[in-house]
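>>> return atomic coordinates for the entry below.
(4 chains, ligands or ions: 4)
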Protein chains: 4
Amino acid sequence: MQEIGIGLVGGGYMGKAHAVAYAAVGAVFNTSLRPRLEMVTASSPESSERYRAAFGFARAADDWQTLVADPKVEAVVIASPQATHRQISETAFALGKPVFCEKPLGASVADAQAMVAAAESAGLPNMVGFNYIRTPATQFVRQLLTDGAIGDLTWFRGEHTEDFLADPAIPANWRCHGRANGCMGDLAPHMVNCALALMGDITELSARVETLHPVRPGADGPTPVDNDDHGQMMVRFASGVMGHLYFSRAATGRKMGYAYEIHGTKGAVRFDQEDQNAVWLYRADGPDAQRGFTKILTGPAHPDYLPFCQGPGHGTGYQDQIIIEARDFLHAIHSGQPVWPTFRDGLAVAQVIETAFATATDGRWHSVPLG
Amino acid sequence: MQEIGIGLVGGGYMGKAHAVAYAAVGAVFNTSLRPRLEMVTASSPESSERYRAAFGFARAADDWQTLVADPKVEAVVIASPQATHRQISETAFALGKPVFCEKPLGASVADAQAMVAAAESAGLPNMVGFNYIRTPATQFVRQLLTDGAIGDLTWFRGEHTEDFLADPAIPANWRCHGRANGCMGDLAPHMVNCALALMGDITELSARVETLHPVRPGADGPTPVDNDDHGQMMVRFASGVMGHLYFSRAATGRKMGYAYEIHGTKGAVRFDQEDQNAVWLYRADGPDAQRGFTKILTGPAHPDYLPFCQGPGHGTGYQDQIIIEARDFLHAIHSGQPVWPTFRDGLAVAQVIETAFATATDGRWHSVPLG
Amino acid sequence: MQEIGIGLVGGGYMGKAHAVAYAAVGAVFNTSLRPRLEMVTASSPESSERYRAAFGFARAADDWQTLVADPKVEAVVIASPQATHRQISETAFALGKPVFCEKPLGASVADAQAMVAAAESAGLPNMVGFNYIRTPATQFVRQLLTDGAIGDLTWFRGEHTEDFLADPAIPANWRCHGRANGCMGDLAPHMVNCALALMGDITELSARVETLHPVRPGADGPTPVDNDDHGQMMVRFASGVMGHLYFSRAATGRKMGYAYEIHGTKGAVRFDQEDQNAVWLYRADGPDAQRGFTKILTGPAHPDYLPFCQGPGHGTGYQDQIIIEARDFLHAIHSGQPVWPTFRDGLAVAQVIETAFATATDGRWHSVPLG
Amino acid sequence: MQEIGIGLVGGGYMGKAHAVAYAAVGAVFNTSLRPRLEMVTASSPESSERYRAAFGFARAADDWQTLVADPKVEAVVIASPQATHRQISETAFALGKPVFCEKPLGASVADAQAMVAAAESAGLPNMVGFNYIRTPATQFVRQLLTDGAIGDLTWFRGEHTEDFLADPAIPANWRCHGRANGCMGDLAPHMVNCALALMGDITELSARVETLHPVRPGADGPTPVDNDDHGQMMVRFASGVMGHLYFSRAATGRKMGYAYEIHGTKGAVRFDQEDQNAVWLYRADGPDAQRGFTKILTGPAHPDYLPFCQGPGHGTGYQDQIIIEARDFLHAIHSGQPVWPTFRDGLAVAQVIETAFATATDGRWHSVPLG
Ligand SMILES: NC(=O)C1=CN([C@@H]2O[C@H](COP(=O)(O)OP(=O)(O)OC[C@H]3O[C@@H](n4cnc5c(N)ncnc54)[C@H](O)[C@@H]3O)[C@@H](O)[C@H]2O)C=CC1
Ligand SMILES: NC(=O)C1=CN([C@@H]2O[C@H](COP(=O)(O)OP(=O)(O)OC[C@H]3O[C@@H](n4cnc5c(N)ncnc54)[C@H](O)[C@@H]3O)[C@@H](O)[C@H]2O)C=CC1
Ligand SMILES: NC(=O)C1=CN([C@@H]2O[C@H](COP(=O)(O)OP(=O)(O)OC[C@H]3O[C@@H](n4cnc5c(N)ncnc54)[C@H](O)[C@@H]3O)[C@@H](O)[C@H]2O)C=CC1
Ligand SMILES: NC(=O)C1=CN([C@@H]2O[C@H](COP(=O)(O)OP(=O)(O)OC[C@H]3O[C@@H](n4cnc5c(N)ncnc54)[C@H](O)[C@@H]3O)[C@@H](O)[C@H]2O)C=CC1
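Ligands and ions are numbered 1, 2, ... in the order given. As a prediction, this is how the structure comes out:
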């Protein structure tokens, strides 16, 4: 059994999720390459050490530079804020180390482009953390579409909606500042990635993006919010199919509204991450009296379910997506084959979002740059 | 008990629905004015007579002119194709008779404008058949919004989706020809009316409208389809709130997809006509651990439910909406007060749709003419 | 077109529903026999006259004896309390008039037996008001079972649950007194009828019946409740299949919990009257990955739907069930053929309930008398 | 950080789940006691070694005796068939080692009694693997009931239904032989445990248990099935509340039908493991027009959710339940405090099931022995 030393940057929400994933992934997937929780770092030596102890890493590093340079760190997982993604990645690639980077790919299109360049010129494994596309349910939907189960596609509607800033009385925090932390910068990438994964490239779009609550309470009185609360776009895919996307961090009542519906000439699919173990499939065949949407519960017959449980309908959860992701990153390293979504896929997402901001300004349709 | 003679034009899908409604409405609502099924007409003397017998009207007329002019016909209900709406209305108003007209209000904006002018200069009761807005559920939602139950509104998403032309193998029929019979002309009005009713005027919008299947089989070989299969619009309401509307007659799997969701700062509402007796309400109050969407079943506590049934959750259906509509038209006549939605409301809907076509051509945002 | 004079006894909850039904049924179903709202009566001359005016009957009778004896009353619809069912039916049959009687069939098994005897010796049309079995959805389920769509049946679970007496603070009313007004007497018959209709005879059962709140507030202080709040039974059908039934008027949150699920060797069906336009069907065929319960919306492809609406998913409601019932009673009269459920079917229901009380006393399984 | 060496018996369905759980639990819960995957064993040296490599254990043992006796094995997790539970437990306790045992507790009541005796006389930590009771959702329901959120309880309905033996064409396998492997022996324990956990002791019951398909295809032709396919029981809890339980391995369409509904005087709760991240709560307060079942998505406000994810609605899955269980077993060992459910709770479950078989034979109500 071959081992690989993992270096993790960040020990917050996603840092912990990746730590658990690398602890569990070997047993779940019987991977050829076995991760060793080698080193973790965060924003201070104290927090780095705290995370080391909590997550069970062998060592803590005082800063990411030390971690990336450590010889026993053979692969780097970045789970720190977007502004740090680029520099850490570039450094890691320069040292010949594969990089897994949380979404979004950097804080801007420029970051993303630089990161793709670094990854591709280094010729090293690189992946972006679009975990939701890895549920057994959405992997299954991808298969259905590829297999033509619902015929020729005619419409896509996607959303990623949550409500953590729905109440205008919530004080301003770091999420209220900087484009990369706004709704389009932070929430939209997951569903844009999903749209691209299921439907293919977006070639043109027209969007509206806005701040619902431009001022929020703050420690020193009313504080301006300088990024967006929600945004929508009408899109055209390369296939010619039309669609719509909506993103909101102010969608009262929505907790994990990563949801889509897709129409085809012979069927339709619906999915909502709030019930992540169900896919709703309509097939336009059989007698009219028996047609309807079938609620399919995920199970061993669906991609990447069986390693988690032998029983159908028993369900996987959020953490399991991150474990699947870890398996894929290990596989990319072990096989030397890029595993989707790579940094290039992360860049495509960034371009769609950048274009949305542009169209929101002039109210016209724009085409989306390819890379 | 005062009686009024009803003259019905059309005995098809909606003609029958109105015939049943006028037969039942007195007993359901104990109306002050009692309808007498006086006369019916359709496209031929034979069909007129057939409908008379089937529906229980006293007499059949050979054509609508005869019906409208008949002295015992004291109010006219139009349930014939859009192209006939204008002339019948104008004639009826000229003879001093109140008119209920099925949606859409005529076959074009010009028709709608002429019909509003005729109604208003005659000073007679006039109503348009937007029945879905009259379910106990959607009436209740209107109340909730008015009462501020979900706070300040921040987002509206509406759709009217069905699948009767989803399969490209369905031969071309009359629905495939003429803008008024396309998806935007025929299906969109209901949901546009709903959006206006719940959210207020739409002031500007940007749309895309398209024909998915431009050629269909026909009796004489491949036949071109000259109207649209689906369309979407991003809208801005007069209140400043942003929204999105989608309409499709090719939405495989959707049978009665008249559905909307509305976000507010303090709550949210969801509704889908396919389960017309349920309103989903989220209120951002109480402990976090107990928050969620509440599935409220309609019952005696909701508008216009009790006359149909004393038991909550027992449910009303499609036909009941038409009975409520009949009650309202009788009330408009009896009270001399206009009952919403009037022809003017029908015109507002037509203007939104007309604007959608315009923006679909140039890809920009347009403002919507007010009347 | 042949007419028939309808005499209605009772103008409350169900009396009104039948009045509306007879006003509408001709137009809905284009019936050969057309009902004339001839005469109505209630518990006093004043209320009789009030109902006459409200519902649009030609005349009011001071009492049911007058109504039943009136020569222009050619068929009798009984919608008065259970204690009155027997005498009115017997009198009507003696005068040669067909009778439709609301459920349950009288106030006791003895009543039901006498009523069956009267109906059968008169050889006249007779029907019991089990309206829920007449929804397009449940009619469709019956077809599915008959067609073997879910294979050999293996399990039936049914319930009729509501919550109108869930709160112990609700004062005692007439429903709290007399076995026929308890949960088993009043609510259970609908679902017992459904079980018999879908699964065949119940041959043996073991039940528990109980009063949850034996004392309630009353005008003169605490008042004893002398009938049951809920009850359950394990049953065995003649086919050998095992099942369970539950009934409650104290099922907090349940408004119209007439619900069942049925397992078969090749599929399963689920239905809940709170969403009366949906049938959930599982078929154990096709690839595992695509199996699940299909939510079928009722539409023109299902029994008795089309006359109410041409559009699938547009939905029927409570009142429509009573209209279907009226069509069936008119058909029974016109054709001279008994239409299910007859009084004999009402008796079978009464026997099951009587047996439940017996087993609840001694805690053993009893067989159910056949008639 | 203190370590403890874990010895795992069995590497199948549950063996793997526990292996993953002990690999992940430290990072997830930052446990005081950190498990070391010390040793695993299965039915042969070869499979033991295979599981060792796959799951990442330090060593494999040739048989369970070796494993239990190994000095570096400080706690034993039993995930082998029911017939092995007793002997392994007794041996482990005799050697002073804490034991976690998969459900059911042995293959018979006698086994369970002996195991309780061994555990209690040794005074060592002991737990049974009723994992479903540990979801954030069901833990939350327990809290709700304890807090009186739905008032005084009046009814409990529970089921555990799956369909792995629904098709009579499925050949006989080991599950078709031996009472402990039948539906009552194998599936029922989870839901009986749930009923006891939520409602308290069951004091009496009346059941029916049966084999739907007494003969199945086998390698050597038709093979008799000697255990049960489904069973039901009417129960009485110590509180006086009445309930019903149903269990089936032939419930076509059901994949993980661990579901219950509970009525109280002030509310109701519904749960279905097939959507394990949602609890449906009805509260009989507020205006009638706004009452209904609220679909609450689990999140950080619910028990044991936050360690898996910071976002509400993001969801936990099957594997996460086993991780929670591992945390509890570690806690029991570390604190020296018994953690529910202990072996004694496992025995209570066994007694209910044993009583069900007895009542199924004579058709009467029996009281349930207490231990
Ligand atoms: N895939 C997904 O579902 C999600 C992805 N994310 C992404 O994950 C990344 C991290 O977000 P969260 O975990 O939510 O943030 P967080 O605030 O919970 O954690 C950030 C971590 O990064 C560390 N950090 C900050 N600056 C650092 C530096 N210069 N050097 C080393 N460590 C540093 C902090 O100490 C902290 O441990 C972001 O890019 C975010 O967009 C976040 C949430 C969900
Ligand atoms: N509110 C709603 O939910 C719906 C509204 N509609 C609207 O109702 C109207 C009628 O549509 P349907 O009933 O579906 O059509 P249909 O084709 O079923 O019936 C049309 C009726 O009009 C009669 N007719 C046609 N030309 C006539 C003429 N010159 N004079 C007199 N009668 C004439 C026909 O004989 C037929 O009886 C349309 O405006 C349509 O947009 C239609 C369906 C649903
Ligand atoms: N099929 C269904 O879904 C339902 C059936 N029912 C059944 O319908 C029947 C009536 O119940 P409701 O309408 O709920 O009661 P209700 O109390 O609303 O109405 C009863 C009516 O009977 C009249 N009445 C009472 N005694 C009379 C007498 N001696 N002679 C003439 N009229 C008399 C009353 O004046 C009143 O108009 C009952 O048998 C009940 O079980 C009731 C509700 C629902
Ligand atoms: N909590 C839950 O949800 C579930 C619990 N279970 C319970 O877990 C236990 C194991 O069941 P599964 O994992 O489904 O069975 P399985 O057949 O998948 O695995 C059983 C394992 O035990 C091993 N084994 C058999 N005899 C042995 C022996 N004498 N010594 C050592 N190892 C031996 C086998 O080699 C195999 O690795 C059973 O008691 C079962 O009731 C099973 C499934 C689900």
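>>> which ones are touching A:Leu153?
Contacts for A:Leu153 (Cβ atoms under 8 Å, 6 or more residues apart in numbering or on different chains) come out as A:Leu145, A:Met199, A:Ser239, A:Val241, A:Ile262, A:His263, A:Gly264. Yep, even glycine has a C-beta here, placed from its N, CA and C like the rest.
>>> show the buried residues in these.
Buried members of the contacts of A:Leu153, counted by 16 or more other Cβ atoms under 10 Å in any protein chain shown: A:Leu145, A:Met199, A:Val241, A:Ile262, A:His263, A:Gly264.
>>> can you classify the fifth one as helix, strand or coil?
Using DSSP: H, G, I helix; E, B strand; the rest coil as the criterion, the local structure at A:His263 reads strand.
>>> residue contacts, the closest residue to it other than its chain neighbours?
Distances taken as Cβ to Cβ, 6 or more residues apart in numbering or on different chains put A:Trp155 closest to A:His263, at 4.2 Å, once the chain neighbours are dropped. Applying Cβ under 8 Å, 6+ apart to A:Trp155 gives the contacts A:Val241, A:Met242, A:Gly243, A:Glu261, A:Ile262, A:His263, B:His230, B:Ser248, B:Ala250, B:Ala251.
>>> among these, who's most crowded?
A:His263 (31 neighbours; other Cβ atoms under 10 Å in any protein chain shown).
>>> touching, that residue and B:Glu159? I think so.
No: judged on Cβ atoms under 8 Å, A:His263 makes no contact with B:Glu159 at a distance of 11.4 Å.
>>> okay, and the common contacts of the two?
Joint contacts of A:His263 and B:Glu159 (Cβ under 8 Å, 6+ apart) are B:Ser248.
>>> gap between A:Ala122 and D:Ser335?
50 Å (Cβ to Cβ, to the nearest Å).
>>> more neighbours: which of those two?
It is A:Ala122, of A:Ala122 and D:Ser335, that has more neighbours when counted by other Cβ under 10 Å, with 19 against 12.
>>> quick check, the more buried one in contact with A:Pro98.
No: using Cβ under 8 Å, A:Ala122 is not in contact with A:Pro98, being 9.1 Å away.
>>> ok, and the closest non-adjacent residue to the closest residue to ligand 1 within the stretch 1-150 of chain A?
Nearest residue of the stretch 1-150 of chain A to ligand 1, counting by Cβ to the nearest ligand atom: A:Gly12, 2.1 Å away. Closest residue to A:Gly12 apart from its sequence neighbours, by Cβ to Cβ, 6+ apart: A:Ala79 at 7.1 Å.
>>> just the pLDDT at A:Ala112, thanks.
For A:Ala112, the pLDDT comes out at 98.
>>> shouldn't it be within a strand?
No: A:Ala112: not assigned to a strand; according to three-state DSSP it is helix.
>>> what's the closest residue to chain B within the stretch 51-200 of chain A sitting at in phi/psi?
Across the stretch 51-200 of chain A, no residue is closer to chain B than A:Thr154, which sits at 5.3 Å (Cβ to the nearest Cβ). Torsion angles at A:Thr154 (phi, psi; degrees, to the nearest 10) stand at phi -130, psi -10.
>>> which residues in the stretch 201-350 of chain A form strands?
Counting by DSSP state E, counting those that start in this stretch, one finds strands in the stretch 201-350 of chain A at the ranges A:202-210, A:215-216, A:223-224, A:230-237, A:242-248, A:257-264, A:267-272, A:278-283, A:293-297.
>>> let's have the ones you listed in JSON lines, adding distance to A:Ile6.
Conversion of those to JSON lines gives the following (distance: least, Cβ to Cβ, whole Å):
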{"stretch": "strand A:202-210", "distance to A:Ile6": "34"}
{"stretch": "strand A:215-216", "distance to A:Ile6": "38"}
{"stretch": "strand A:223-224", "distance to A:Ile6": "39"}
{"stretch": "strand A:230-237", "distance to A:Ile6": "35"}
{"stretch": "strand A:242-248", "distance to A:Ile6": "32"}
{"stretch": "strand A:257-264", "distance to A:Ile6": "27"}
{"stretch": "strand A:267-272", "distance to A:Ile6": "31"}
{"stretch": "strand A:278-283", "distance to A:Ile6": "32"}
{"stretch": "strand A:293-297", "distance to A:Ile6": "33"}
